[in-house]
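Visitor: sequence and predicted structure, then a few things I'm wondering about:
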Amino acid sequence: GNAIVGLASVGGAVVSTVAATPKRIWLSGRAILAYEISDLLTDHSYRKMGLCSRLLDIVCREVETRGASLIYARPNETSFPIFTRNLLFQEGQRLDRRRLVIPSTVIHRKTSIPLPLLRLSGMDWLVKFWCTPRSPKRDVSVIAINRFENEIDDLWQRASAGYDFVLVRDCTYLNWRYSDGPTCYRMWRAIRNGQSVGFLVARTHPTAPLAAIVDIFSESNDM
């Protein structure tokens, strides 16, 4: 569906924005319409004037008229007080961010010691061995993919029964989010006995040696 965008302008120039994107949430056995608040941005010269709060209120009222069952956000430290104090949002869950550092790259940037020499030391292998999960079973294979096909819909149909609250991850959404947009993502599919059992989506920084896992999914009881 179409997003909702609230704009504040001065003399024809936009000085503040708030957007809400429609998402389908699987809630206790049924899919509901929800909106995710995002893209809060205010010109530096117009901050602390209440523009963001006013736009959020306008956007939330429009969300309500569209029949959504839920409005949610994943705010940063700056916008969190606006949601909880000014708009009475409730904190549902606190998310932890995890990092895996490749030591040879960090040491190379700080000391200029040649990177191949640092990698020969084996420090990267030790970090990977101790910090990344390992499965005792070898019955899962992983392949790179460019798009999400019907087998992911089959995975969603099986997996959804194990979740009470989760973003609907079917092919329509996943391809819209990761395959058909302008941002370049890397995607992998996990297979066991010819059946899709999970997927992972990552994004790599265009210039820096950084990457982030942006989506990972499997059946809730599949360890």
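Guide: Nice, thanks for sending it over.
Visitor: can we go C-alpha only for contacts and neighbour counts from here?
Guide: Fine.
Visitor: now for the lengthiest strand in the chain, which elements pack on it?
Guide: Using DSSP state E, we find that the single longest strand of the chain is strand 13-27. Applying 3 or more Cα pairs under 8 Å, 6 or more residues apart in numbering; DSSP states H and E, one finds that strand 13-27 contacts strand 4-10, strand 30-42, helix 51-65, strand 165-167.
Visitor: show me where this protein has its helices.
Guide: 51-65, 80-81, 103-111, 115-120, 123-131, 150-159, 171-174 (DSSP state H).
Visitor: on that earlier part again, out of the helices and strands packed on strand 13-27, which gets nearest to Tyr72?
Guide: Closest to Tyr72 of these, according to Cα to Cα: strand 30-42, at 5.1 Å.
Visitor: so which residues make contact with that closest one?
Guide: With contacts defined as Cα atoms under 8 Å, 6 or more residues apart in numbering, strand 30-42 is touched by 15-26, 51-52, 63, 67-74, 168.
Visitor: about what we covered before: using CSV, lay out the helices and strands packed on strand 13-27 together with mean pLDDT.
Guide: Formatted as CSV, the helices and strands packed on strand 13-27 follow (pLDDT from 0 to 100):
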stretch, mean pLDDT
strand 4-10, 95
strand 30-42, 92
helix 51-65, 92
strand 165-167, 91
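Visitor: in a markdown table: these, plus mean neighbour count.
Guide: Formatted as a markdown table, the helices and strands packed on strand 13-27 follow (neighbours: other Cα atoms under 10 Å):
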| stretch | mean neighbour count |
| --- | --- |
| strand 4-10 | 15 |
| strand 30-42 | 18 |
| helix 51-65 | 18 |
| strand 165-167 | 15 |
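Visitor: which one of the ones you listed lies nearest to Val197?
Guide: Minimum separation from Val197 across these (Cα to Cα) falls at strand 165-167, 16.7 Å.
Visitor: quick one on the thing from earlier: out of the helices of the chain, which gets nearest to Ile143?
Guide: Nearest of those to Ile143, taken as Cα to Cα: helix 150-159 at 13.4 Å.
Visitor: with just CA atoms, put that closest one into CSV.
Guide: Extracted in CSV, the C-alpha atoms of helix 150-159 (Å, rounded to 0.1, in the frame of the first residue of the first chain):
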residue,chain,number,x,y,z
ASN,A,150,7.6,-19.8,-4.1
GLU,A,151,9.6,-22.0,-1.8
ILE,A,152,9.9,-19.0,0.6
ASP,A,153,6.1,-18.8,0.6
ASP,A,154,6.0,-22.4,1.6
LEU,A,155,8.5,-21.7,4.4
TRP,A,156,6.3,-18.8,5.6
GLN,A,157,3.2,-21.0,5.6
ARG,A,158,5.0,-23.6,7.8
ALA,A,159,6.8,-21.1,10.1
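Visitor: returning to that earlier point: tilt between the longest strand of the chain and strand 4-10?
Guide: Comparing the axes of strand 13-27 and strand 4-10 via axes from the mean of the first three to the mean of the last three Cα atoms, to 10 degrees yields an angle of 160 degrees.
Visitor: next, the angle strand 30-42 makes with strand 13-27.
Guide: Using the same axes, to 10 degrees: strand 13-27 against strand 30-42 is 160 degrees.
Visitor: strand 13-27 vs helix 51-65, what angle?
Guide: Using the same axes, to 10 degrees: strand 13-27 against helix 51-65 is 40 degrees.
Visitor: any stretches of the chain with poor pLDDT?
Guide: Along the chain, the parts satisfying pLDDT under 70 run over 133-137.
Visitor: what does the longest strand of the chain rub up against?
Guide: 1-9, 31-43, 46, 51-52, 55-56, 59, 63, 160, 163-168.
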